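K.L.:
Sequence and predicted model, in that order:
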Amino acid sequence: MSLSKHQQLGLSDQNILEMYRTMLLARRIDERMWLLNRSGKIPFVVSCQGQEAQQVGASYALDRTKDYAAPYYRDVGVVLSLGMTARELMLQAYAKAEDPNSGGRQMPGHYGQKKNRMLTGSSPVTTQVPHAVGVGLAAKMEKKDIVSFVTLGEGSSNQGDFHEGANFAAVHKLPVIFMVENNQYAISVPLNKQVACEKISDRAIGYGMPGVTVDGNDPLAVYEAVKQAVDRARTGEGPTLIEAVSYRLTPHSSDDDDRSYREREEVEQAKQKDGLLTFKSYVQDQEIATNSELEQMEQEIREIIDEATAYAENAPYAKPESIYDFVYGNEGSTR
Amino acid sequence: MPVLSYIQAITKALQEEMERDEKVFVLGEDVGVRGGVFRATDGLYEQFGETRVIDTPLAESAIAGVGIGAAMYGMRPVAEMQFADFILPAVNQIISEAAKIRYRSNNDWTAPITIRAPYGGGVHGALYHSQSIEAIFANQPGLKIVMPSSPYDAKGLLKAAIRDEDPVLFLEHKRAYRSIKEEVPDTDYTLPIGKAEVKRDGADITVITYGLCVQFALQAAEKLEKEDIDVHILDLRTVYPLDQEAIKEAASKTGKVLLITEDNKEGSIIGEVAAIISEHCLFDLDAPIKRLAGPDVPAMPYAPPLEKEFMINPDKIEAAMRELAEF
Ligand SMILES: Cc1ncc(C[n+]2csc(CCOP(=O)(O)OP(=O)(O)O)c2C)c(N)n1
Ligand SMILES: [Mg+2]
């Protein structure tokens, strides 16, 4: 009997089930956030929907006990894979004091959690790219076997910081993986108005690093590409640029209305290729889980999200006077 | 005690800190084999090698941003901007990132990076090699801006900046690099960031300034001493956040205040100093606050008469001091 795709990649059935579960959890959390937004409970959501497969596939290729990541605002799948919990995600959605990302200081989707080696991110896009390169530089200087993984959108790959960071990493052969999550849009502006090259990965040649384009709806294809990049990074061969192609299934954010710039048909077509659905089929076809086990998984996830939502909703906000805290380190409050 | 120039004191501080702590490293354009275009990193490449004295690609946002990433990881990077004028491509990294990393992560992450940049004019550097850029960064809580006026201060403050838990913008006057020399101890000492220092004790008028202008003010004060005008000089040393107590004390001491900067006048650091004084010391004042600053033109021109017109010098300060004393 020939080996299945995941077996060829050295992944067990258990690994596949975990990956699927993480993708599903990301999707269901995201969907819940939209409900909470539309019912006036939380002011803002920015979605991962349509990108879970690439986020989870990539994260599982990292060593999640030591590698670093600089995720961007859509990376619910990444942060869950790296150890953030549903409850913590809800705490940031509700901007509560206990939110480990920022204590409710930043908008939702601005991830960062030192204990899980996730760098803190900001709103101006692509600033995280040089930071990830800096981690790669530090790892190399300290002779630590660490890979630095950074994600960004395809529109963001036009920023100077992408170019400056990629070039720096390549010149110094740093253990950095740049993954562009190409979801075809930067808010309303489609890919062909963002770049004139055929593929985002074509940019890699200009930096002297390998560039690969993979189907971002297929977590195993992304896993394979990132794994190869991880191996290159660990053996001192330097950075890799990976473009994972998928589609943004929601409007840009809860403040956007995508009907003004794209056809419903296009969105419907993309939904047919939704990585969550195709990977579920894979799990079923490979008989990794039965339908009733998958139904039970849905049920468990629903309970986790219910609990997380209730917890976050009831959690306290930061005290007003805490606004003065942590401007500088040595003197605590600036008041 | 050895006599060091301002730039030698900078090099000494870097060398001592790199010897003290393996996490300290230098990155920037031409800082390696060349030892920096001003030679601030002279000898460091030979002593510490290319992994700790890193010649980066010509890209300022990456110099700052990669340094910030390394600082978040736990290193102590000292990034060099070749000229302060060329820090502008890195402003987003400095203001949106370095200054806010502690605050936005609720104290989870920090970015203890030092960014050094040579600023200031009087070196035939024209518009883009003469600027004072401190005001751009001087309303960004989370960031500290240090501008030493002497070799002794430069060494102690740079060592403090490197050890500081927060990002520090360290601005060195390039005309001071070789023109200012003094005794600098070989010992390991630091000076407090956030503290101004009285450089001359006097009773008649108060001058508050920073950087190279402190030296010019000291020279002018020397001359006025012969006319029995006794000048008190406060060196801000850290221009952000300001040492408000020291400013109030110095202003109240004489009641006549002259504020000096080489930067363009409107929107400069000394405007904030004037605000602090008027807010807290109005009834101690015996004269309107006087400001001496660069003109409000975009930057310092090249031709010598134009450069001279822009620059602050001891003569201009002397005249302003006399005028204030006679008020
Ligand atoms: C420097 C900067 N400019 C503009 C914005 C506003 N903005 C936020 S997301 C976005 C589009 C980003 O598109 P892309 O990089 O493709 O990522 P995606 O949202 O599609 O995942 C824009 C213009 C910003 N956050 N930062
Ligand atoms: Mg996009």
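P.N.:
Alright, I've got the coordinates. Ligands and ions are numbered 1, 2, ... in the order given.
K.L.:
Could you check how far the residue in chain A that ligand 1 sits nearest to is from ligand 2?
P.N.:
Nearest to ligand 1 in chain A, going by CB to the nearest ligand atom, is A:Gly153, at a distance of 2.0 Å. From N, CA and C alone the C-beta is placed, and that goes for glycine too. Using CB to the ion, to the nearest Å, we find A:Gly153 at a distance of 4 Å from ligand 2.
K.L.:
Also B:Pro141?
P.N.:
Separation of B:Pro141 from ligand 2 (CB to the ion) stands at 33 Å.
K.L.:
in the chain, which spans are helices?
P.N.:
Since no chain was named, I'll use chain A. All helices of chain A, identified by DSSP state H, fall at A:5-8, A:13-38, A:52-60, A:76-81, A:86-93, A:128-141, A:160-171, A:204-207, A:219-234, A:264-272, A:275-285, A:291-314.
K.L.:
Oops, wrong one, chain B.
P.N.:
Assigned by DSSP H, chain B shows helices spanning B:6-20, B:44-48, B:60-73, B:91, B:101-104, B:134-137, B:151-163, B:176-179, B:212-225, B:244-254, B:269-280, B:304-310, B:314-326.
K.L.:
check contacts around the residue positioned nearest the centre of chain A.
P.N.:
By CA atoms, centre = their mean, chain A has its centre lying nearest to A:Asp75, at 2.3 Å. Contact partners of A:Asp75, counting by CB atoms under 8 Å, 6 or more residues apart in numbering or on different chains, are A:Cys48, A:Gln51, A:Gln55, A:Tyr111, A:Thr151.
K.L.:
Please repeat the previous calculation with a cut-off of 10 Å.
P.N.:
Applying CB atoms under 10 Å, 6 or more residues apart in numbering or on different chains to A:Asp75 gives the contacts A:26, A:48, A:51-52, A:54-56, A:58-59, A:69, A:81-82, A:84, A:109, A:111, A:118, A:121, A:151-152, A:179, A:181.
K.L.:
Ok, A:Pro71 next?
P.N.:
Contacts for A:Pro71 (CB under 10 Å, 6+ apart) come out as A:55, A:59, A:77-79, A:81-82, A:84, A:109-113, A:118-119, A:121, A:128, A:132, A:149-152, A:179.
K.L.:
what's the first-to-last distance across stretch B:294-306?
P.N.:
Taking CA to CA, to the nearest Å, stretch B:294-306 runs 12 Å from one end to the other.
K.L.:
what is the rounded mean pLDDT of that stretch?
P.N.:
Across stretch B:294-306, pLDDT averages out at 97.
K.L.:
Setting aside sequence neighbours, what's the nearest residue to B:Val91?
P.N.:
Leaving aside its sequence neighbours, B:Val91 sits nearest to B:Ile136 (CB to CB, 6 or more residues apart in numbering or on different chains; 6.9 Å).
K.L.:
Would you mind measuring from the one you found to B:Leu157?
P.N.:
Using CB to CB, to the nearest Å, B:Ile136 is found at 20 Å from B:Leu157.
K.L.:
which of those two has more neighbours?
P.N.:
Just comparing B:Ile136 and B:Leu157: by other CB atoms under 10 Å in any protein chain shown the higher neighbour count belongs to B:Leu157, 28 against 19.
K.L.:
any idea how far whatever residue of the stretch 151-300 of chain A ends up closest to chain B is from A:His131?
P.N.:
Residue nearest to chain B within the stretch 151-300 of chain A: A:Glu164 (3.6 Å; CB to the nearest CB). Here the criterion is CB to CB. By it, A:Glu164 lies 12 Å from A:His131.
K.L.:
Find the nearest non-adjacent residue to B:Leu234, please.
P.N.:
B:Ala250 (4.0 Å).
K.L.:
I'd say the one you found and B:Thr206 touch.
P.N.:
Yes - assessed by CB atoms under 10 Å, B:Ala250 is found in contact with B:Thr206 at 4.9 Å.
K.L.:
tell me, what's touching these two both at once?
P.N.:
The contact lists of B:Ala250 and B:Thr206 share B:Val198, B:His232, B:Ile233, B:Leu234, B:Val257, B:Ile277, where a contact means CB under 10 Å, 6+ apart.
K.L.:
Buried ones among these?
P.N.:
Neighbour counting over these (16 or more other CB atoms under 10 Å in any protein chain shown) leaves B:His232, B:Ile233, B:Leu234, B:Val257, B:Ile277 as the buried ones.
K.L.:
For ligand 2, state which of those residues is nearest.
P.N.:
Ligand 2 has its nearest neighbour among these in B:Ile277, at 51.2 Å by CB to the ion.
K.L.:
Name the nearest residue to that closest one, ignoring sequence neighbours.
P.N.:
Counting by CB to CB, 6+ apart, B:Ile277 lies nearest to B:Ala251, which is 4.5 Å off, once chain neighbours are set aside.
K.L.:
contacting residues for the one you found?
P.N.:
B:206, B:208, B:232, B:234, B:257, B:259, B:273-274, B:276-278, B:280-282, B:284-285, B:289.
K.L.:
Derive a ChimeraX selection command for the buried subset of these.
P.N.:
Only the buried entries of those go into this ChimeraX selection, using 16+ other CB under 10 Å:
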select /B:206,208,232,234,257,259,273,274,276,277,281,285,289
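K.L.:
The stretch 151-300 of chain A against ligand 2: which residues are in contact?
P.N.:
A:Gly153, A:Glu154, A:Gly155, A:Asn183, A:Ala186 (CB under 5 Å from the ion).
K.L.:
Can you check the pLDDT for whichever residue of the stretch 1-150 of chain B sits closest to chain A?
P.N.:
The minimum distance from the stretch 1-150 of chain B to chain A, using CB to the nearest CB, falls at B:Gly69 (2.1 Å). At B:Gly69, the model reports a pLDDT of 98.
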